[in-house]
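Undergrad: When you get a sec, could you give me coordinates for this:
(one chain, ligands or ions: 1)
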Amino acid sequence: MSAVETNFDGLVGLTHNYAGLSEGNLASLRNANMAARPREAALQGLAKMQRLRGLGLSQGVLPPHERPNIAWLRTLGFGGTDAQVWERAWRDEQTMARAALSSSAMWAANAATISPSSDCDDGRLHASVANLQTMLHRILEAEQTERTLRRLMPDHARFAVHPALLAHDALSDEGAANHMRMAASAGAPGVEIFVYGRKAGEPRSGFPARQTLEACQALARRHGLLGGRTVHARQSSAAIDAGAFHNDVVAVAHEHVLFHHEDAFADKAALHSEVRAAAAGLFEPVFVEVPRARVGLEDAVSSYLFNSQLVRLPGASSLTLIAPTEVRENNRAADFVRDMVDAPGAAIGSVEYVEVRESMRNGGGPACLRLRIAMNAQERAAAAAGFFLDDALAAKLENWIKAHYREELAPDDLADPALVGETQTALDELTSILPLGADFYPFQRN
Ligand code: SUG
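TA: Residues are numbered from 1 along each chain as shown. Below is the predicted model:
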């Protein structure tokens, strides 16, 4: 059956800031306490979505979460009005307050793992919300993400939205950022590749490994992935310790092509042969490998070469890499890309650069910002239409951003209790721009 893949991008939130919250994410640490530009960040994200639409791709949008997360701060014993909760939390518990303020839900690749219906034994599209349990600021996302995905995919006959796995170290799960799917086309049966950094209970020195094998296996089981088409691969320690805190910092797949760094996986040869075996009779996989001699892990991580989107533009005979402009500014990465797209018969035959610098400074490239969902025609008809971007929705979102987002959020601005009312007013309005309903955000339910 034919299907269309839609990229659902997370809308950057009103409190986008640089708090240095993510150990092992070099950009997040390097840019801690810089002044952030929320309005520009959100407009860059929206411009990226419009650019991809302009290239002929299907594009969707997912709403930001309520931040500061007042409901959670109340569970920590802070009381009073919402503004007072924020004021007191910031004064007394800055570690918690910073976590409660993060706009990290914008990185939709971490929202969930998606298995299209052509991969699942019950013929439904399965989505598993990620528990994001490694980082305090991200563990707060799961509940609201589940609410979003249920609004987007309400029909139980066609969609199975699973809540996050138990938020424990043994079942650590960061969603689609550690999951790749290869298939002849979006609607064809695919090979799902789960990439983990450690096994439950396994000791690890160095940067955190945010995905366990046990989480991956649970996802594959609950999605009912059809036998023989699932591959589990270990991410290399070298990649994690070089700053690849998710697999999508060193690898990306689309259709029959897997684009990856030489040092992305612990056992590359085994991965290639398992993928070949799983793909037998379905498609011929092509591995586009970037040798460390051309682009070292350090350049791969700082340029975010692999955090690109791989897409097929309408009618194109090869794939296109949607790369961050930082790749063009890195000589080694840029040279590699030029040679790659110029090679005769290239599987990835063109590149388009997009500017998402505000997100990049927190370690979030073009691929982090999107969650891919391949839907067939019936699923598309059953999904809530209002999450799919068109010019009218883009114009409404642009006006909304311009009306409500601050130009700048510097470290000294974060304590401001006015942020609470500002963000709630904006989000309240957003619930009538996107099909969210008047009870979508916690503050609306009080
Ligand atoms: O989880 N950064 C995010 C970036 C997520 C990128 N996603 C993918 N690779 N798919 C993270 O580390 C930084 C927030 C701060 O420091 O203020 C942050 O959460």
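Undergrad: Determine whether any part of stretch 192-199 lies close to the ligand.
TA: No: using Cβ under 6 Å from any ligand atom, no contact is recorded between stretch 192-199 and the ligand, whose separation bottoms out at 11.8 Å. C-beta here means a position set from N, CA and C on the backbone, and glycine is covered the same way.
Undergrad: pLDDT on that stretch, on average?
TA: For stretch 192-199, mean pLDDT rounds to 98.
Undergrad: now it: how far from the chain's centre is it?
TA: Its chain's C-alpha centre and that of stretch 192-199 lie 16 Å apart, by Cα atoms, centre = their mean, to the nearest Å.
Undergrad: Ok, stretch 403-418 next?
TA: For stretch 403-418, the distance to the chain centre is 25 Å (Cα atoms, centre = their mean).
Undergrad: outside of that stretch, which residues touch it?
TA: Outside stretch 403-418, the residues within contact range by Cβ atoms under 8 Å, 6 or more residues apart in numbering are 14-17, 33, 35-40, 42, 83-84, 86-87, 90-91, 97-98, 101, 419, 422, 425-426, 429.
Undergrad: Which residues belonging to that stretch are considered buried?
TA: 404, 405, 406, 409, 414, 417 (16 or more other Cβ atoms under 10 Å).
Undergrad: near the ligand at all, it?
TA: No: using Cβ under 6 Å from any ligand atom, stretch 403-418 stays clear of the ligand, with a minimum separation of 10.8 Å.
Undergrad: Output the helix or strand hosting residue 393 as PDB, restricted to C-alpha atoms.
TA: Assigned by DSSP states H and E, residue 393 belongs to helix 391-404. Below are the C-alpha coordinates for helix 391-404, written out as PDB (Å, rounded to 0.1, in the frame of the first residue of the first chain):
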ATOM      1  CA  ASP A 391       0.100  28.200   4.200                       C
ATOM      2  CA  ALA A 392      -2.900  29.400   6.200                       C
ATOM      3  CA  LEU A 393      -1.700  27.500   9.300                       C
ATOM      4  CA  ALA A 394       1.900  28.700   8.800                       C
ATOM      5  CA  ALA A 395       0.700  32.300   8.600                       C
ATOM      6  CA  LYS A 396      -1.400  31.900  11.800                       C
ATOM      7  CA  LEU A 397       1.600  30.400  13.600                       C
ATOM      8  CA  GLU A 398       3.900  33.100  12.400                       C
ATOM      9  CA  ASN A 399       1.600  35.800  13.600                       C
ATOM     10  CA  TRP A 400       1.200  34.000  16.900                       C
ATOM     11  CA  ILE A 401       4.900  33.700  17.400                       C
ATOM     12  CA  LYS A 402       5.400  37.400  16.500                       C
ATOM     13  CA  ALA A 403       2.700  38.400  19.000                       C
ATOM     14  CA  HIS A 404       3.800  36.400  22.000                       C
END
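Undergrad: quick check, distance from the following helix or strand past that helix to the centre of its chain.
TA: Per DSSP H and E, helix 391-404 leads on to helix 418-433 as the next helix or strand towards the C-terminus. Centroid separation for helix 418-433 versus its chain: 23 Å, with Cα atoms, centre = their mean.
Undergrad: tell me the angle of helix 418-433 relative to helix 391-404?
TA: Using axes from the mean of the first three to the mean of the last three Cα atoms, to 10 degrees, one finds that helix 418-433 and helix 391-404 are set 160 degrees apart in direction.
Undergrad: for the ligand, what are the nearby residues on the stretch 151-300 of the chain?
TA: By Cβ under 6 Å from any ligand atom, the part of the stretch 151-300 of the chain that sits against the ligand consists of 177, 245, 246, 248, 249.
Undergrad: Farthest pair within these?
TA: Maximum pairwise distance among these (Cβ to Cβ): 9.7 Å, between 245 and 248.
Undergrad: what's the closest non-adjacent residue to residue 11?
TA: residue 64 (5.3 Å; Cβ to Cβ, 6 or more residues apart in numbering).
Undergrad: Now, the contacts of stretch 403-418 that are in helices?
TA: Here DSSP state H is the test, and the contacts of stretch 403-418 give 38-40, 42, 83-84, 86-87, 90-91, 97-98, 101, 419, 422, 425-426, 429 as lying in helices.
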